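Chemist: coordinates for the following, if possible.
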Amino acid sequence: MAHAEARAAGEARLDANALGLVNQLFQAITHMAPAAGVIFSAQYMATQGGASHPLAWALATVAALLAAYCLRVLVAKIHSAGGYFTIHSIALGHGVGFVTSWLYFLYDPLVPAALYLAFGGIVLEPFSAAHFGFTIPWQLTLVVGTIVLTYLTARGVRISSDWTIALGALEVLIMLLLGILLVANAPDGQDLSTFTPASSPNGWGGVIFAMIFALLSFTGFESGIPLAEETREAGKALTFSVVLSTLLIGIFYVFLGYATAVGFGGTHDPAKFAQDFSGAADPYGSTLATRAFGTLGPWLVFLAILNSSLACSIAGSNATTRVYYALGRAGIFPKVIGTVHPGSQTPRAAIYLEAGITILAGLVLGYVFGKDNAFGMAGLLFTFALCVIYIMSNVAVFTVYSRRFPEEFNWLKHGAIPLVASILLLLPIWASIVYNPDPPFSYGPWIVLAWFLIGLAFYVYLRIRRPETLERLRTEMERFGL
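Modeler: Numbering: from 1, shown residues only. So this is what the prediction gives:
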């Protein structure tokens, strides 16, 4: 086995068997950022979708579950630190696999930056001004958050994973209690029309637009895949965590979406609700939290968002740095990125690279798009890019099972379900192009297209000048005994 040969040669490896089922489950849950997923997405959803939060999240849950199922059957056969790059290269070939996976870099590497921007600019600045008497600038939050993140992830994958379990459990508990109290004390009573397009001032168009940000809150259910080399019985753990985490968080989002709508009130007038809720300065930290918990409310919601932002950043960084590591190991990135620290058994060079990207991306997003729009812009890029990646993974299910495992191929499991999942995932892509929101959000599809073309150019360079690196990536599972 290649692992044994590497150890005999004295080469440091990732910490094999450090993670188990629970670690993988919370890797997925915390990457979806339950508290931040609700609080940071709901206002963007309301701009066009009004009070249709529970409907948009229900549709997103179905789409995410189908995509999760497709990934589940894929990772049963293909898994490595290379994540989508390895999966798509094996299933779809070098060209399609590499270029579509390139869109991954518009997503996970930017997650910590987007979260620290949202937490610092949207939450901490007004919270510190109101409760401490001075404003903590978002730039400081970005830098301090990145330092804490880098320290935790560099110490060891088990240590950082245990942090995600503790932080994730607390944020879910706070948010569930908030939702229960909001529903129980809804100012206008219960309103099941929020589960219909009648609650949207723009009908189905508004619901589908809201679904863009609803899907954003599911991003990360697959984030355990790059940690496969550090997981005991990786195939079993991944197939378990990918689907279960998506189902549990989907139920959570639909409930919190309904609690948000009826807890805020005014759902009988969709246009007014859209204006009032999307324009509110701090609907969760002030109005909703105070209605549920009284004077303690803003502090509890603040704690939930803090926990969610840090836990999601840890999960995102752990996933991203393993992809960097795998690309460094294959020779696509500089070789130093593909090395492991012998003490912590973490890819520290990759972790330091991600720290630099987090600060740089955070500053660019914050100054170019403004701290209030930065998370929404990043979220649009995340969703657009991931929808393409998920669709290609659905195609990969068909190609892997029909060509490599024809004796296991089933038209329902490996044909019809991936097709339906892909159609649902096309809806938010369609909405982001046709619905044409105001700038800067209207720039989203063009940024994704530009990034795709950069990836295509990089692939052509690798294909001509360094074709052996692409072959190493495609044969990773065989070479490393995964």
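
Chemist: let me see the ranges of the helices in the stretch 251-400 of the chain.
Modeler: Per DSSP state H, counting those that start in this stretch, the stretch 251-400 of the chain carries helices over the ranges 270-279, 289-293, 297-330, 348-369, 371-399.

Chemist: okay, those, which one's buried deepest?
Modeler: Stretch with highest mean neighbour count among the helices of the stretch 251-400 of the chain: helix 297-330 (a mean of 25; mean count of other Cβ atoms under 10 Å). No exception for glycine: its C-beta is placed from N, CA and C like everyone else's.

Chemist: pLDDT weak spots in the stretch 351-482 of the chain?
Modeler: 432-437, 473-482 (pLDDT under 70).

Chemist: adding distance to G415, write the helices of the stretch 251-400 of the chain out as CSV.
Modeler: Putting the helices of the stretch 251-400 of the chain into CSV (distance: least, Cβ to Cβ, whole Å) gives the following:
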stretch, distance to G415
helix 270-279, 39
helix 289-293, 46
helix 297-330, 29
helix 348-369, 37
helix 371-399, 6
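
Chemist: centroid residue for the protein?
Modeler: Closest to where the C-alpha atoms of the chain average out (Cα atoms, centre = their mean) is T219, at 2.9 Å.

Chemist: and that residue, backbone torsions?
Modeler: phi -60, psi 130 (degrees, to the nearest 10).

Chemist: what's near enough to touch it?
Modeler: H31, M32, Y107, V111, F382, T383, L386 (Cβ atoms under 8 Å, 6 or more residues apart in numbering).

Chemist: where's it relative to G97, distance?
Modeler: T219 is 20 Å from G97, where distance means Cβ to Cβ, to the nearest Å.

Chemist: same check, this time on K413
Modeler: 22 Å.

Chemist: one more: P298?
Modeler: 47 Å.

Chemist: what do you get for G203?
Modeler: Taking Cβ to Cβ as the measure, G203 falls 38 Å from G97.

Chemist: who's more crowded, these two?
Modeler: G97 (24 against 16; other Cβ atoms under 10 Å).

Chemist: quick one: that one is in a helix?
Modeler: Yes - assessed with DSSP: H, G, I helix; E, B strand; the rest coil, G97 lies in a helix.

Chemist: okay, it: pLDDT?
Modeler: Per-residue confidence at G97 stands at 77 (pLDDT).

Chemist: contacting residues for it?
Modeler: F85, I87, H88, S89, I90, A91, R474.

Chemist: how about a cut-off of 6 Å?
Modeler: By Cβ atoms under 6 Å, 6 or more residues apart in numbering, the residues touching G97 are H88, S89.

Chemist: from I351, how far out is the nearest residue to I332 once chain neighbours are set aside?
Modeler: Spatially, and ignoring its direct neighbours in sequence, I332 is nearest to T469 (4.7 Å; Cβ to Cβ, 6 or more residues apart in numbering). Counting by Cβ to Cβ, the gap between T469 and I351 amounts to 22 Å.

Chemist: by how many degrees do the host helix or strand of S89 and helix 297-330 diverge?
Modeler: Secondary structure assignment for S89, by DSSP states H and E: helix 84-92. Interaxial angle of helix 84-92 relative to helix 297-330 (axes from the mean of the first three to the mean of the last three Cα atoms, to 10 degrees): 60 degrees.

Chemist: quick one: distance of helix 84-92 to the chain centre.
Modeler: 19 Å (Cα atoms, centre = their mean, to the nearest Å).

Chemist: which strands and helices lie in contact with it?
Modeler: With contacts taken as 3 or more Cβ pairs under 6 Å, 6 or more residues apart in numbering; DSSP states H and E, helix 84-92 sits against helix 94-101, helix 371-399, helix 467-474.

Chemist: hmm, 10 Å instead?
Modeler: helix 53-75, helix 94-101, helix 297-330, helix 371-399, helix 467-474, helix 476-479 (3 or more Cβ pairs under 10 Å, 6 or more residues apart in numbering; DSSP states H and E).

Chemist: I'd like the average pLDDT over that helix.
Modeler: Helix 84-92 comes out at a mean pLDDT of 79.

Chemist: C-alpha coordinates for it, PDB please?
Modeler: Extracted C-alpha coordinates of helix 84-92, given in PDB (Å, rounded to 0.1, in the frame of the first residue of the first chain):
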ATOM      1  CA  TYR A  84     -14.600  17.000  -6.400                       C
ATOM      2  CA  PHE A  85     -11.400  17.300  -8.400                       C
ATOM      3  CA  THR A  86     -10.700  13.600  -7.900                       C
ATOM      4  CA  ILE A  87     -14.400  12.500  -8.200                       C
ATOM      5  CA  HIS A  88     -15.000  14.400 -11.400                       C
ATOM      6  CA  SER A  89     -11.700  13.500 -13.000                       C
ATOM      7  CA  ILE A  90     -12.300   9.800 -12.500                       C
ATOM      8  CA  ALA A  91     -16.000  10.000 -13.600                       C
ATOM      9  CA  LEU A  92     -15.900  12.600 -16.300                       C
END
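
Chemist: tell me what angle it forms with helix 371-399.
Modeler: With the same axes, to 10 degrees as the basis, helix 84-92 and helix 371-399 are set at 30 degrees to each other.

Chemist: show me what counts as buried in helix 84-92.
Modeler: Y84, F85, T86, I87, H88, S89, I90, A91, L92 (16 or more other Cβ atoms under 10 Å).

Chemist: for A280, the count of nearby residues, please.
Modeler: Using other Cβ under 10 Å: A280 sits among 16 other residues.

Chemist: any idea of the pLDDT on the nearest residue to it once chain neighbours are set aside?
Modeler: Nearest residue to A280, sequence neighbours excluded (Cβ to Cβ, 6+ apart): T287, at 6.7 Å. With respect to pLDDT, T287 scores 88.
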